[in-house]
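[1] dropping a prediction and its sequence here:
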Amino acid sequence: MVQRQLVLSDIDGTLINDQHELPARVIAAVQEYSAAGGHFVLASARPALGMTALADKLQIDLPLVTLNGGLIVQTHRADNSFTTLYEEPLPDHAAATIYDLIHAQQLPVSINVHVNTHWYVDQHEYWSNQEAAILNFQPEITDLNALVHGNRPVHKILCMAEPDVIDQLDALLRHQDNLDLSISRSKLTYLEITARGVSKQSALRHLASMLNVPLANTMAIGDGENDLPMMQAAGLAVAMGNALPAVAAAIPTKVASNNDAGVAEALRKYAM
């Protein structure tokens, strides 16, 4: 029997340390929690293929909240496949509008387009190479102009640039009232764009309903501002010791940092 039947954990700055490694203590705690009957879920802005290596290290099949909640999949490690549990792509024409706006303003932005489990860029460059090193897989090269102006549903656009450029793009997009977007920063240099209403919070609610778990019996662990809606909706929110100031101020329950296996502490102290 567990105290919290459903736990959603952020990845970067939360589950893994600053060297992008999964601590042994965290692996052990997740496996113990799962063996006791708990549902452990990874929730991230990452694409699915940037999360499967972690699922393999945890040695369990589990749901993945990917693309900030725009796509939720179930992993099947036996054949390296996914089952889609939920998806919410951008509204029609939104991806094309965003792409055209960036080019019209001549903003030096790395545009990354996520379609289901695929990650597309128009070329390899500094920002996408940096992201690929973190995720441990490479994006696919394609004609982004043709992609976003085509008929394929886009689940997320990630824009990467220097903070002042991201500030400018953020302000421009927030004046586009007709796009129905959810815009958040996972880093000062990363702008995450999904459909309005898509968030880790909506993913938490969807999974709790699907698994018949009352929200009061859920827990969410995170460090970033894009984790806050999920954390505030959960029965218990746990902030990492390295959480950003806004998160630390909003969430009273805290554990050790990501470099000190804070997720293991959270699971053992509050979930098992």
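    In hand now; what should we look at? Numbers count the residues shown, from 1 in each chain.

[2] flag every buried residue along stretch 54-68.
    For stretch 54-68, a neighbour-count test (16 or more other CB atoms under 10 Å) marks 54, 55, 58, 60, 62, 63, 64, 65, 66, 67, 68 as buried. C-beta coordinates here come from the backbone N, C-alpha and C atoms, glycine included.

[3] inside helices: which ones of these?
    Of the positions in those, 54, 55, 58 sit in helices, assigned by DSSP state H.

[4] need those in JSON lines with pLDDT and distance to residue 260, can you?
    Output for these, formatted as JSON lines (pLDDT from 0 to 100; distance: CB to CB, whole Å):
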{"residue": "54", "pLDDT": "92", "distance to residue 260": "18"}
{"residue": "55", "pLDDT": "90", "distance to residue 260": "23"}
{"residue": "58", "pLDDT": "95", "distance to residue 260": "19"}
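
[5] those residues into a markdown table, with extra columns for distance to residue 202?
    As requested, these are arranged in a markdown table below (distance: CB to CB, whole Å):
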| residue | distance to residue 202 |
| --- | --- |
| 54 | 22 |
| 55 | 22 |
| 58 | 24 |
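
[6] among those, which one lies nearest to residue 2?
    Residue 2 lies nearest to residue 58 out of those, by CB to CB, at 16.5 Å.

[7] hang on, the closest one packs against residue 31?
    Yes: counting by CB atoms under 8 Å, residue 58 does reach residue 31; the two are 6.8 Å apart.

[8] where do the helices of the stretch 1-150 of the chain begin and end?
    24-35, 52-58, 94-104, 126-135, 144-148 (DSSP state H, counting those that start in this stretch).

[9] contacts only, for residue 61.
    When contacts are counted by CB atoms under 8 Å, 6 or more residues apart in numbering, residue 61 is found next to 55, 74, 75, 76, 77.

[10] rerun at 6 Å
    Residues near residue 61 by CB atoms under 6 Å, 6 or more residues apart in numbering: 75, 77.

[11] how near is it to residue 76?
    6 Å (CB to CB, to the nearest Å).

[12] burial count for residue 12?
    21 (other CB atoms under 10 Å).

[13] go on, the one 4 residues further on?
    By other CB under 10 Å, the residues close to residue 16 number 20.

[14] burial measure for the nearest residue to residue 143 once chain neighbours are set aside, as a count.
    The shortest distance from residue 143 to any non-neighbouring residue, by CB to CB, 6 or more residues apart in numbering, is to residue 122 (6.7 Å). The number of residues packed near residue 122 is 18, by other CB under 10 Å.

[15] my read: residue 122 touches residue 144, true?
    Yes: the pair residue 122 / residue 144 is scored as a contact, 4.5 Å apart, by CB atoms under 6 Å.

[16] nearest residue to the middle of this protein?
    Nearest to the mean C-alpha position of the chain, counting by CA atoms, centre = their mean, stands residue 44 at 1.8 Å.

[17] so which helix or strand of the protein has the lowest pLDDT on average?
    Least confident helix or strand, the chain: strand 181-187 with a mean of 85, by mean pLDDT, DSSP states H and E.

[18] gap between it and the chain center?
    10 Å (CA atoms, centre = their mean, to the nearest Å).

[19] strand partners of the helix or strand following that strand, parallel vs antiparallel please.
    Once the chain leaves strand 181-187, the next helix or strand it forms, by DSSP states H and E, is strand 190-195. Sheet partners assigned to strand 190-195 using DSSP bridges are listed as strand 156-160 (antiparallel), strand 181-187 (antiparallel).

[20] now do the first one, average pLDDT.
    The average pLDDT for strand 156-160 rounds to 97.

[21] could I get the buried residue list for that strand?
    By neighbour count on 16+ other CB under 10 Å, the buried set for strand 156-160 is 156, 157, 158, 159, 160.

[22] report the inter-axis angle for it versus helix 126-135.
    Orientation of strand 156-160 against helix 126-135 (axes from the mean of the first three to the mean of the last three CA atoms, to 10 degrees) gives an angle of 120 degrees.

[23] now do strand 156-160 and helix 94-104, the angle between them.
    Per the same axes, to 10 degrees, the angle that strand 156-160 makes with helix 94-104 is 20 degrees.
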